[in-house]
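Novice: requesting a structural model of the entry that follows:
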Amino acid sequence: MILRDDLFLLIVFIIFGISALIQYFYYLYYYLSLWFHNHSETSSDRYPVSVIICARNEEENLTHFLPYILEQDYPDYEVIVVNDCSEDNSFDVLGSFLAKYPHLRISTVNKDPKFTHNKKFAQFIGIKAAKNDLLLFTDADCQPESDKWIAGMASHFDDKTDFVIGYGGYLSRKGLLNYYIRYDTMFIAMQYLGMGIRGNPYMGVGRNLAYKRSMFFNNKGYGRFNRLISGDDDLFVNASASGKNTSVEFRKDMHTRSIPAANINEWFAQKKRHLTTARYYRSGDKILLILEPASRLLFYISAVILFVNSFLWPVITVIFGLRLIIQVIIFTLIAKKLNEKGLVTFTLFFDIFSPLVNVIIYSSNFFNRSVRNQWK
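Specialist: Reported below is the predicted structural model:
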């Protein structure tokens, strides 16, 4: 019995060690790369840009946030708002902006009970209407951090660059849910920005994403993902972006900030929708994205088992402590880069249970497929 117990703990120790090494790899290779990344602007040319915003019943957000887009410090750009089947006063709000902002253009999609569509259709209408090859996307509830947003995102484009992946964070609000939303958003950004820097861009966020119109049509648009409610950003990047045609941009002036979910039900539905696309990623990307939270769970579970049984506890303490130090240091550095304040205190707490939350939400998608063709 003693030998069996020792063998079991030895196996757990091996799992703990392998999990720790995987965690070290993600933090030191992918996440730390954000701190050392040099934002070298590819071109000094000011290419004309088309900013595309899809809006459905966004009267209040358009009133508040659209001026931040329309008053950017950039010599040649248009803003296309696709007013998609809105039933509020969005049309009147947009009309009031037209006289003041001649570079604003409005595309209206009228409601048709015989034809239901998702956000991709509205996005496609905006892309078709764009006059310029450089397209910059954000949402109606998003605010750029500065009037240099367009200039910063556009500065990376040249003949070889088709994608620029930006950072889209959430506005700070009171409450634990807001801390978790911002933590989750930042952690995901550490992954997709870090992997982008390392030559493996696997996703972007529609709150802050740019790509070429010509590339969109050359790659047949959204292709086989048209039917999905999400994926206008991450799946399109996953299918078409590479280390050779993609750049990342996350300087503070080029961030966007969005309104966070007001309650847990709203956030759960939003997160559930986002996770519907993960199964369609490239196989290598799915392995990398599954390996991190899986190794994290195994790391914590095996650590608890080993500590409870006092098995090689000095070694376990050193390995666990080293991972914690690396985690806190890198998270602190990247939080500074991404201008996310007040999150470091919650890092360990959120780090432990966030993989479980994602598993629960991801699993729930298999029991409810009824949201397949809804607008975002």
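Novice: just the endpoints, please. Distance across stretch 342-353?
Specialist: End-to-end distance of stretch 342-353 (C-alpha to C-alpha, to the nearest Å): 19 Å.
Novice: return the distance of that stretch from the chain's centre.
Specialist: A distance of 19 Å separates the centroid of the chain from that of stretch 342-353, by C-alpha atoms, centre = their mean, to the nearest Å.
Novice: quick one: residues contacting the residue nearest to the spatial centre of the chain.
Specialist: Nearest to the geometric centre of the chain sits residue 205, at 4.1 Å (C-alpha atoms, centre = their mean). Counting by C-beta atoms under 8 Å, 6 or more residues apart in numbering, residue 205 makes contact with 165-168, 189, 192, 233-234. In short, each C-beta sits where N, CA and C put it, glycine included.
Novice: among those, which are in helices?
Specialist: 189, 192, 234 (DSSP state H).
Novice: which of those residues lies closest to residue 8?
Specialist: Proximity of the ones in helices among the contacts of residue 205 to residue 8 (C-beta to C-beta) peaks at residue 192, which lies at 37.9 Å.
Novice: surely the closest one is in contact with residue 198?
Specialist: No - with contact defined as C-beta atoms under 8 Å, residue 192 does not reach residue 198; the gap is 10.9 Å.
Novice: the more surrounded of these two?
Specialist: Using other C-beta atoms under 10 Å, the more surrounded residue of residue 192 and residue 198 is residue 192, with 24 against 12.
Novice: quick check: the residue nearest to the centre of the chain vs residue 111, distance?
Specialist: As defined by C-beta to C-beta, to the nearest Å, residue 205 lies at a distance of 28 Å from residue 111.
Novice: the helix or strand containing residue 336 packs against which elements?
Specialist: According to DSSP states H and E, residue 336 maps onto helix 313-337. Using 3 or more C-beta pairs under 8 Å, 6 or more residues apart in numbering; DSSP states H and E, the elements in contact with helix 313-337 are helix 2-25, helix 33-36, helix 176-197, helix 283-308, helix 347-364.
Novice: and the longest one, what's buried?
Specialist: When you say that, I think you mean helix 283-308. For helix 283-308, burial by neighbour count (16 or more other C-beta atoms under 10 Å) applies to 285, 288-289, 292, 295-300, 302-303, 305-306.
Novice: what's the angle from that helix to helix 2-25?
Specialist: Here helix 283-308 points in a direction 130 degrees away from that of helix 2-25 (axes from the mean of the first three to the mean of the last three C-alpha atoms, to 10 degrees).
Novice: for helix 283-308, name the packing helices and strands.
Specialist: Secondary-structure packing of helix 283-308 (3+ C-beta pairs under 8 Å, 6+ apart): helix 2-25, helix 176-197, helix 313-337, helix 347-364.
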